[in-house]
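Asks: Provided below are the primary sequence and the corresponding predicted coordinates.
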Amino acid sequence: MDLNLYPTLPNKKDFRIGVLGSGFIVNECHLVAYRKAGFNPVAIASRDREHAAKAASRHGIPRVHDSYEALLDDSTVEVLDIAVPPNALLGLIKQACGRRTVKGILAQKPLGVNYAEAVEAVRACEDAGITLAVNQNMRYDHSVRAAKTLLQNGTIGEPVIATIDMRAIPHWQPWQKELGWATLRIMSIHHLDTFRYWFGEPERIYCSTRPDPRTTFPHTDGICTYILEYANGLRCIAIDDTWTGPAREGCPADLGIKWRIEGLNGLAIGTIGWCHEPYTTPSTIQYASKGQHGFEAPVWPEGWFPDAFAGTMAELLCALEHGIPPSISGRDNLKTMALVEAAYLSAESHEALSLVASEEHSHALAKRPLPIPVCVR
């Protein structure tokens with residue numbers, strides 16, 4: 001069975017890409033994946049020029065700019081890859097939109113520090129005629145794509161219940177201490193977006209959180225559990241556990257990310273390779289339908305990190321090539337950002353929140369100004 005593991009690549013691979021940022025995710029994922037896919041990064045800048053120069057040397061990027069602003073002034077750049085902390089993202093997007101020189105922007109997730117900032121980013125790009133895509137790269141993990149194919153082709157049948165169970169210890173970034181968040185906007189956003197990718201828009205969310213005992217900076221969302229309720233009865237449940245027991249304090253560790261989709265016709269079970277050693281470990285899937293005597297278990301050599309990162313840039317480049325919105329457009333991502341926002345509100349109020357129905361939400365987003373999502377008890 002063709003599980004559609006790999007994204008469609010653009011026919012035109014020589015779009016000139018300028019990269020803002022030179023941290024781990026750029027060095028170990030973006031630029032590695034872009035070179036493997038044959039894309040064309042031509043310029044890079046970061047807060048630390050020396051760090052940007054090292055990334056340029058490693059990945060064969062011809063131009064290193066002294067500052068973000070200098071790269072934004074480079075009129076030869078056609079596409080921006082912005083991989084900076086969320087509290088710096090909106091400002092750079094607005095600066096790029098003010099110059100109106102680039103055709104497209106791939107922005108790191110989360111798209112700003114909250115939903116309101118995401119709305120500003122979407123509006124700025126639309127006003128400037130710039131195509132905005134958001135780097136929701138878990139959609140391009142190979143097991144996640146395979147599961148989507150099984151849902152589309154009827155192998156699983158109508159979904160009944162789906163779960164994502166993360167027992168992993170992420171590396172928190174210094175800016176998270178400043179912003180005061182841990183998991184919901186960093187890891188859970190991947191899982192909320194994946195549920196949307198698989199199943200569409202839920203009606204309600206209930207979220208409960210507690211601090212992670214290992215994380216020293218003040219936060220509320222260290223360990224997160226949430227339930228998404230769908231109109232057809234489907235329930236999606238996630239546990240995002242960054243404690244995982246005292247795995248760093250002397251206890252044997254049991255780390256991993258597992259997902260499971262149970263349908264009326266079949267079952268699919270997967271793992272995400274990112275949290276294994278090495279982080280390039282491929283993800284896995286097993287699936288079966290009624291009447292089979294065992295599970296199908298295809299394998300592939302690529303991993304979420306770094307290979308899925310070619311998919312998000314490919315989506316943007318294909319959109320530019322064909323003049324169509326990317327599936328990971330800024331507008332689409334507002335629905336993921338709304339879910340994240342609702343998760344925080346639900347955890348604070350200890351109540352389930354109903355989201356705007358997807359048709360209403362889409363209609364509202366077509367108007368201006370773009371609204372803050374309506375959440376009701």
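Replies: Looks like it arrived, so ask away.
Asks: now the helices: where do they sit in the stretch 101-250 of the chain?
Replies: 115-128, 142-152, 174-179, 189-199 (DSSP state H, counting those that start in this stretch).
Asks: To Ala52, which of those helices lies closest?
Replies: With C-beta to C-beta, the closest approach to Ala52 among the helices of the stretch 101-250 of the chain belongs to helix 174-179: 17.9 Å. Every residue, glycine included, has its C-beta placed from N, CA and C.
Asks: just for the stretch 251-377 of the chain, where's the confidence low?
Replies: Residues of the stretch 251-377 of the chain that meet the criterion pLDDT under 70 lie in 356-377.
Asks: ranges for the strands of it?
Replies: 256-263, 266-272, 284-289, 353-355, 375-376 (DSSP state E, counting those that start in this stretch).
Asks: if we can go back for a sec, could you dump the helices of the stretch 101-250 of the chain to CSV with mean neighbour count and distance to Thr8?
Replies: Converted to CSV, those look like this (neighbours: other C-beta atoms under 10 Å; distance: least, C-beta to C-beta, whole Å):
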stretch, mean neighbour count, distance to Thr8
helix 115-128, 20, 23
helix 142-152, 22, 11
helix 174-179, 14, 34
helix 189-199, 23, 16
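Asks: Now render those as JSON lines, adding distance to Val26 and mean pLDDT.
Replies: As requested, these are exported to JSON lines (distance: least, C-beta to C-beta, whole Å; pLDDT from 0 to 100):
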{"stretch": "helix 115-128", "distance to Val26": "19", "mean pLDDT": "97"}
{"stretch": "helix 142-152", "distance to Val26": "22", "mean pLDDT": "98"}
{"stretch": "helix 174-179", "distance to Val26": "15", "mean pLDDT": "94"}
{"stretch": "helix 189-199", "distance to Val26": "18", "mean pLDDT": "98"}
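Asks: Let me see the contact set for Gly273.
Replies: 279-284, 303-305 (C-beta atoms under 8 Å, 6 or more residues apart in numbering).
Asks: Looking at these, spot the one nearest Ser346.
Replies: Checking these one by one against Ser346 (C-beta to C-beta), the nearest turns out to be Trp304, at 27.7 Å.
Asks: That closest one: how many residues sit nearby?
Replies: For Trp304, the number of neighbouring residues by other C-beta atoms under 10 Å comes to 26.
Asks: Skipping its backbone neighbours, what lies nearest it in space?
Replies: Asp141 (4.2 Å; C-beta to C-beta, 6 or more residues apart in numbering).
Asks: thinking again about what came up before, which one of the strands of the stretch 251-377 of the chain is the most hemmed in?
Replies: strand 266-272 (a mean of 22; mean count of other C-beta atoms under 10 Å).
Asks: possible to save the helices of the stretch 101-250 of the chain as CSV with distance to Thr101?
Replies: Compiled in CSV, those are given as follows (distance: least, C-beta to C-beta, whole Å):
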stretch, distance to Thr101
helix 115-128, 10
helix 142-152, 33
helix 174-179, 28
helix 189-199, 29
